[in-house]
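Novice: What follows is a predicted protein model with its sequence.
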Amino acid sequence: MTRYASATSKAEATARAYLLAEQDVEALGPGSKEKKSSLVALGRAIGLDLSQVAGKTTCGERIAHELDVVWDGACCSRGDTITLVGLNRLVDAAVDRLFIQQRHPRLLLGAVLVEAASAAQAMGKISRRGNNMQQVSSELEQTIAEHLATLSEPGPVPDGAAIPTDTQYAVEEIRVADGSWRAVVERQQGWLHLPSTVVGETPDDFDRALDRVLPGAAPGNAAVGLMDRLAARLERAVDLRERFLASLEGSAEGRATLGTASQEWFDGWEEVEDEEEVEVGGPIMARADVWSITDFVQKAEDGELNLSPSYQRADVWPTGDAQQLIESVLRGIPLPSIILLQEDGEQGSTVEVIDGKQRLTSILRFLGRHPRAVELVRRKATEWGEPDLLSLFQRDFPAFKKKWKAKESTRLSTQVERELYFPYPLRVKGSAVNAEIAAMDGKYYSEVRELLVDVVGRRQRVRSIFEQTSAYRVPVILYEEVSTEQIHEVFSLYNKQGKHLNAEEIRNARFHGLSLMRALLATAGDAEDIKAVAPFLVEDLEDLASTAVTLDSPQYGFGRAGYKRTKLLSWVAAVLFADGSVGSRSTAATVNALLKRVSENKGDALRDDAVVRQAMLLLDHGLDAHAAVPQAWAATFKNPKQGAWQELQLVATLVGLSAAHVSLGEHLVDVLEERAFEVKTASQQRWRRPVKTQTLSQWQFIGGVVRELLDILGVEADDVDRRLRETYGASGLTSLVSLRAPREWEA
């Protein structure tokens with residue numbers, strides 16, 4: 001009798017799947033990944049046709065359901081990949097059905113197992129020494145070996161990441177038992193984007209070094225789960241590598257370059273670091289509901305719907321996308337959930353739109369009910385002496401356009417209407433749409449509101465869908481009494497489920513209640529309404545406006561997309577006003593630590609609006625000096641193609657000049673001009689960007705630049721540190737400049 005045991009490798013598990021369907025065995029795909037065809041074959045063996053099913057994980061779920069086995073998070077990983085655990089659950093259950101329950105008349109279990117092992121051996125996934133089978137001792141170790149092998153595959157690597165490409169490892173070469181995994185980790189650690197380089201003269205030294213830099217150590221016992229944490233980091237690395245390679249595939253069509261794909265890779269790791277800081281904040285008060293469209297309209301008209309909280313993107317859907325949304329509503333197609341955050345204040349309760357801003361903006365624009373458009377029309381009503389102008393705007397928009405043409409010099413083009421949040425006409429696409437909806441093509445809401453249409457099984461007027469409590473409802477998830485930590489937790493969860501906010505947007509959401517966070521957004525030019533977001537900065541707007549203008553210029557190249565300008569200022573502020581050492585944490589963690597400190601400490605100096613205002617002026621004046629003396633900086637500090645500043649070099653020099661302004665004040669520009677040659681010489685000869693991208697290397701680079709820049713300008717770092725502490729309550733400057741310079745500078 002054949003004694004059955006689960007497969008010890010993916011190659012063997014997939015080979016069994018093919019053989020159970022009496023099909024020729026296919027080799028694994030790139031990165032030692034199972035092919036979808038193996039799951040289709042296994043499905044066929046148990047009577048399922050999965051040939052038209054999209055995705056391997058979906059196939060796995062269908063098979064698991066048919067075989068009545070548990071299918072959970074252990075069965076699959078990112079990138080539509082089935083783990084060895086998942087494959088074994090499916091194959092083992094199929095074997096149980098075919099051989100134990102049905103006693104398959106044509107297949108012999110022993111033959112299947114022998115042939116599967118032979119096929120796996122041919123793929124090179126199991127090695128032999130004499131007659132002894134050398135198998136990975138556990139699924140965890142197998143996973144680590146597979147991930148490391150994938151990372152060693154030949155191909156392009158992110159620009160600026162120290163990743164060798166001359167050695168490829170097979171899975172069977174990477175073993176835990178003999179310690180060979182350490183050499184591969186050491187060589188491929190560039191893909192892991194660790195805070196510092198992991199080296200060790202002995203295995204124990206290497207393990208301790210790795211343990212220090214891997215996230216997730218258990219309090220009081222950092223060594224707990226080292227291999228689990230390594231496997232998790234490797235899985236992230238493989239996922240981000242796949243994204244990087246996928247992005248590069250668009251380079252031929254001009255959608256990407258090595259530089260843009262590399263930046264996405266670095267940004268991806270920053271998002272990972274931000275996710276790792278998520279704290280579990282206890283039970284979350286949330287409820288699911290359904291609202292009619294008129295509920296949202298009423299909230300907007302009452303000033304109780306915040307479409308643009310400080311953490312939301314400022315972009316507006318193209319009109320074509322908005323038109324398609326309205327057509328979907330008229331056809332009765334359900335919309336995805338709108339996710340709201342309830343805020344209770346002295347003036348009553350309001351709801352902030354976490355997810356669904358573009359959908360609600362599209363609806364409110366179509367109806368002529370968007371708050372910004374309504375506010376503008378009311379101003380024009382006063383200006384033109386037309387008290388009924390808003391009614392005309394909402395009831396007969398074509399007539400309003402004629403009046404606008406007679407009164408204003410600006411033509412209402414599609415782009416202008418979009419910028420002003422004005423209504424747009426309906427556009428109907430496709431021949432499948434019924435004649436009633438097709439007849440609305442090219443017409444504004446004010447022209448179709450009385451027409452009849454079938455929606456949700458009822459024949460009704462268009463206006464009843466948008467202006468009354470109708471059968472067409474929109475699902476809503478409303479969060480109540482949510483702490484800043486829980487906001488962070490919720491946003492990170494949404495990222496994993498497809499709503500993708502970058503690390504800066506999550507940070508803005510988490511800390512948007514702080515004056516400091518709002519001031520950074522406003523100073524960077526990333527806030528739509530500065531007077532509403534940071535009213536305490538209004539009297540300095542003329543001075544502070546230069547920050548956004550400078551960063552947005554071609555010479556600097558920091559546009560509004562992705563809150564890059566806010567990220568830059570946050571990084572500089574986190575260094576200057578840090579409490580404790582600088583250099584031990586990632587950029588994201590350092591910025592979050594500053595904001596968390598201010599959030600939790602009611603006596604923190606940076607909770608005072610006047611102090612925050614002074615801090616923003618300090619950053620602005622540092623950047624003003626930076627831009628005023630362009631001859632002080634080496635050409636290598638800029639990207640050769642775009643001619644714009646590289647982020648790390650800009651952060652380093654901006655920290656130095658902002659710190660120098662504390663001491664030199666309005667004389668900073670004069671001193672920098674006088675010593676521009678010395679600064680440029682240092683930036684050309686010594687301030688070379690570190691080859692390694694680890695956190696420590698970057699901090700060492702920043703610290704070395706700041707230390708030498710202050711020396712050239714004749715500024716004492718200790719004196720600046722003291723003044724920063726006196727004004728802002730804390731400073732990280734002394735800690736920063738004490739970091740050892742990068743090895744490149746030691747020659």
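Specialist: Perfect, thanks for sending it. Residues are numbered from 1 along each chain as shown.
Novice: Could you pull out the strands in the protein for me?
Specialist: Here the chain has its strands, by DSSP state E, at 76-77, 81-82, 127-129, 132-134, 285-292, 305-306, 338-345, 348-355, 452-455, 458-461, 473-480.
Novice: With respect to burial, which of those scores highest?
Specialist: strand 81-82 (a mean of 22; mean count of other Cβ atoms under 10 Å). C-beta: built from backbone N, CA, C; applies to glycine.
Novice: Check which strands are paired with it and give the direction for each one.
Specialist: If you go by DSSP bridges, strand 81-82 pairs up with strand 76-77 (antiparallel).
Novice: how far is the strand it pairs with from where the chain is centred?
Specialist: The offset between the C-alpha centroid of strand 76-77 and the centroid of the whole chain comes to 20 Å, using Cα atoms, centre = their mean, to the nearest Å.
Novice: and what of stretch 384-399?
Specialist: How far stretch 384-399 lies from its chain's middle: 42 Å, per Cα atoms, centre = their mean.
Novice: quick check: mean pLDDT across that stretch?
Specialist: Model confidence over stretch 384-399, given as mean pLDDT, is 94.
Novice: Quick one: find the helix or strand in the chain with the lowest mean pLDDT.
Specialist: Lowest by mean pLDDT, DSSP states H and E among the helices and strands of the chain is strand 132-134, with a mean of 30.
Novice: circling back to that earlier point, quick check: which of the strands of the chain is nearest to R233?
Specialist: The stretch from those with the least distance to R233 (Cβ to Cβ) is strand 76-77; that distance is 12.9 Å.
Novice: Give me the buried positions along stretch 414-423.
Specialist: For stretch 414-423, burial by neighbour count (16 or more other Cβ atoms under 10 Å) applies to 417-418, 420-423.
Novice: Compute the number of surrounding residues for the closest residue to G622 other than its chain neighbours.
Specialist: Among residues not flanking G622 along the chain, S658 sits closest, at 3.1 Å (Cβ to Cβ, 6 or more residues apart in numbering). By the criterion of other Cβ atoms under 10 Å, S658 has 28 neighbours.
Novice: pretty sure S658 is in contact with L618, am I right?
Specialist: Yes: checked against Cβ atoms under 8 Å, the pair S658 and L618 is within contact range at 5.6 Å.
Novice: Can you pull the residues that touch both of those two?
Specialist: L576 (Cβ atoms under 8 Å, 6 or more residues apart in numbering).
Novice: re earlier: so which of the buried residues of stretch 414-423 sit within helices?
Specialist: Of the buried residues of stretch 414-423, the ones assigned to helices by DSSP state H are 417-418.
Novice: which one of the buried residues of stretch 414-423 is nearest L724?
Specialist: Y421 (42.6 Å).
Novice: Touching, the closest one and H370? I think so.
Specialist: Yes: using Cβ under 8 Å as the test, Y421 is close enough to H370 to be in contact (4.0 Å).
Novice: what is in contact with the two at once?
Specialist: For the pair Y421 and H370, residues contacting each of them under the criterion Cβ under 8 Å, 6+ apart are 361, 364.
Novice: any idea how the chain splits into domains?
Specialist: Taking automatic domain parsing as the criterion, the chain consists of the domains 10-134, 139-276, 285-480, 512-745.
Novice: What is the lengthiest helix in the chain packed up against?
Specialist: Of all segments of type helix in the chain, defined using DSSP H, the longest is helix 226-248. Based on contacts counted as 3 or more Cβ pairs under 8 Å, 6 or more residues apart in numbering; DSSP states H and E, the elements that helix 226-248 packs against are helix 139-151, helix 203-213, helix 258-276.
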